[in-house]
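after the sequence you'll find the predicted model.
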Amino acid sequence: MKVCIYGAGAVGCFLAGRLFKGGARVSAIARGATLEAIRRRGVRVHTPDYEISAEIGATDNPADLGPQDFVVVTVKAPSLPSIVDGLKPLIGPNTTVAFVMNGIPWWYFYNHGGELAGRRFEKLDPGGRLWDTAGPERVLGGVIFCSCDIIEPGIVHAETAGPKLFLGEPNGGTSPRVEQFAAVVRGDTLAVDVVPSIRSTIWAKLQMNMSSGLLGCLSNSPPKDIYSDPACADAVRRIVAEVGEVARSVGCETKVDAEDMLARTRNQGHRSSIVQDLDKGRPMEIDPMFGIPLEMARMTGVETPTLDLLVALVKARARRAGAYSG
């Protein structure tokens, strides 16, 4: 199986290591110091329990690789418009493109059913270029629960014990292609579940990411420095409830319990990637993680007073840092 990782950041390198260990022929699209590092020594994955050394190919020119069986896109949402042309030479007649990213994806309403079916988000896919190039019919949805940081180019540290990847077809159910991909990436170091409703899993992670991301951006802190405060814990409860209500309004039930989530993340010392991006003034995933969920709330008539306030404050701070222009 030929698999190309498009985006050799923390999650991309982690999945490259896992796919290599599973027997795939793995390559990566990378740039600059990361490209040089992967060419020199491959990808290294460090966790509290194990290490993976993966000798993979790397290039900054996708045309060098040609059509793939699977392309795994792990770039952050602000970079999606810049990779459309690079995807073209990687896509053949039978190529599947898995988007393993945070927030609401550009393909969300493809095969959704109901009056919202087929709706597109211009902010996530300007001009519909991804829709026309990658094609939603090629898409697998992916959600990963794994706190990863790049130690240095090509070397990633994963803090999470028992990381988990969820995969799913946009139209629900299973398929030979999703089962094939899951079988290669799955292993004793990464649990992989093929789920009947990947959208519900997207919303479940959003409940976690919006809690740690919004409060983290306002405090520049990880959950362990926030959630012990009763006022912050109460804000988490309200965020979880409001995001859950928006999810239900578009037909998804997450079953996330705020108290359980607080208990599981209260000692987490990893700052969310969006918090790290704000701290460094890098483009932030504000639209897919914060803005589009609120757009969907307005579409379906759900009131979100806590989210409205916190998102407005984070957007203001992000604009001030030069990390968001919306």
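Nice, thanks for sending it over.

domain map for the protein?
Per automatic domain parsing, the domain ranges recorded for the chain read 2-196, 200-317.

quick one: mean pLDDT for the first one?
When you say that, I think you mean domain 2-196. The average pLDDT within domain 2-196 is 93.

pull the contacting residues for the residue nearest to Glu152 when sequence neighbours are not counted.
Nearest residue to Glu152 in three dimensions, chain neighbours excluded: Ala37, at 7.3 Å (Cβ to Cβ, 6 or more residues apart in numbering). (C-beta placed from N, C-alpha, C; glycine too.) Applying Cβ atoms under 8 Å, 6 or more residues apart in numbering, we find Ala37 in contact with 152-155.

name the residues of stretch 141-148 that are buried.
Within stretch 141-148, the residues scored as buried using 16 or more other Cβ atoms under 10 Å are 141-144, 146-148.

those residues in strands, which ones?
Counted as lying in strands by DSSP state E, out of those, are 141-144, 148.

out of those residues, flag the one nearest to Gly86.
Closest approach to Gly86 among these (Cβ to Cβ): Gly142, at 18.9 Å.

who are the contact partners of the nearest residue to the closest one once chain neighbours are set aside?
Nearest non-adjacent residue to Gly142, counting by Cβ to Cβ, 6+ apart: Val100, 3.5 Å away. Listed by Cβ under 8 Å, 6+ apart, the contact partners of Val100 are 11, 15, 72-74, 142-144, 165.

between the contacts of Ala37, which has the most around it?
If you count neighbours using other Cβ atoms under 10 Å, the busiest of these is Gly154, which has 27 neighbours.

quick one: contacts for Val185?
15, 18-19, 22, 24, 165, 192 are the contacts of Val185 under Cβ under 8 Å, 6+ apart.

tell me which two in those are the farthest apart.
Ala24 and Leu165 (14.1 Å).

max-length helix in the protein?
Secondary structure of the chain per DSSP state H: the longest helix is helix 198-219.

chain center to that one: distance?
For helix 198-219, the gap between its own C-alpha mean and the chain's C-alpha mean amounts to 11 Å (Cα atoms, centre = their mean, to the nearest Å).

now the element after it, going C-ward?
Next helix or strand after helix 198-219 toward the C-terminus (DSSP states H and E): helix 230-249.

what residues are up against Ser325?
Ser325 makes contacts with Arg319, as judged by Cβ under 8 Å, 6+ apart.

what of Val275?
212-213, 216-217, 220-222.

run the last query once more with 10 Å
The contact partners of Val275, taken as Cβ atoms under 10 Å, 6 or more residues apart in numbering, are 212-222, 284, 314.

rewinding a little: how much space between the residue nearest to Glu152 and Ile29?
The gap separating Ala37 from Ile29 is 14 Å, by Cβ to Cβ, to the nearest Å.

list the contacts for the most centrally placed residue in the chain?
Geometric centre of the chain, nearest residue: Met101, 1.9 Å, by Cα atoms, centre = their mean. Listed by Cβ under 10 Å, 6+ apart, the contact partners of Met101 are 7, 11, 73-77, 80, 141-144, 202, 285, 288-289.

before we move on, what about Asn267?
Counting by Cβ under 10 Å, 6+ apart, Asn267 touches 222-224, 227-228.

next: Arg44.
Arg44 is in contact with 13, 17, 37-38, 51-54, 151-152, 154-157, counting by Cβ under 10 Å, 6+ apart.

hmm, try it at 6 Å
For Arg44, the contact set (Cβ atoms under 6 Å, 6 or more residues apart in numbering) comprises 53, 155.

roughly how far apart are the closest residue to Glu159 other than its chain neighbours and Pro222?
Excluding its sequence neighbours, the residue lying closest to Glu159 (Cβ to Cβ, 6+ apart) is Ser147, at 4.3 Å. Ser147 sits at a distance of 9 Å from Pro222 (criterion: Cβ to Cβ).
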